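**Student:** Fold the following and give me the result.
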Amino acid sequence: MDKTEAAFMKEALSLACGNAQGERGGPFGAVVVKDGRIIGRGANEVTSANDPTAHAEVQAIRDACRSLGDFRLTGCDVYTSCEPCPMCLGALYWARVRAVYYALDRADAAAAGFDDSLIYEEIAKPLEERRLPMIRLEPDPSAANPFELWCQSTIKTEY
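**Tutor:** Below you'll find the predicted structure:
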């Protein structure tokens with residue numbers, strides 16, 4: 001790890017440690033970096049915001065997107081205190097970041113009470129075998145199809 005990478009990881013870990021000593025949320029922190037500077041920061045705010053999606057990586061993505069005025073983080077790297085959970089990993093792919101650097105891994109998180117192994121296991125199962133019932137309801141035939149409308153739209157922003 002070079003000095004620049006070490007500095008970015010130190011900032012992510014600092015956010016995580018600050019959160020571990022406060023009441024905002026869990027012990028996780030993340031930063032988004034573009035062109036050698038931090039453009040987004042995030043710390044876990046699940047419990048303080050009453051928002052199960054307010055993980056550090058998601059918060060950092062939101063902050064960086066506001067900074068750039070774009071929903072894509074092309075050319076950006078993310079430094080995070082811990083290996084991203086499945087939700088955050090999905091968000092990182094959707095944001096199209098270039099790379100993710102992490103310090104601690106999912107085993108370290110599990111040892112501290114943040115075990116997401118169930119989610120990884122459930123994702124791998126067929127829909128009908130998951131603990132959370134996934135029930136498809138056919139739409140009313142008279143209802144508009146949002147995907148058809150999207151495909152026909154001349155004002156959409158592709159992503």
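**Student:** Identify all contacting residues around the lowest-mean-pLDDT helix or strand in the chain.
**Tutor:** Taking all helices and strands of the chain together, the one with the lowest average confidence (mean pLDDT, DSSP states H and E) is helix 146-152, at a mean of 91. The contact list for helix 146-152 (C-beta atoms under 8 Å, 6 or more residues apart in numbering) reads residue 156. The C-beta positions use only the backbone N, C-alpha and C, and glycine is treated the same way.
**Student:** again, but for stretch 78-91
**Tutor:** Counting by C-beta under 8 Å, 6+ apart, the neighbours of stretch 78-91 from elsewhere in the structure are 5, 8-9, 11-13, 15-16, 27-33, 53, 55-58, 60-61, 92, 97, 99-106, 108-109, 114, 116, 119-120, 123.
**Student:** from those, which ones fall inside strands?
**Tutor:** Counting by DSSP state E, the part of the contacts of stretch 78-91 found in strands is 29-33, 99-104.
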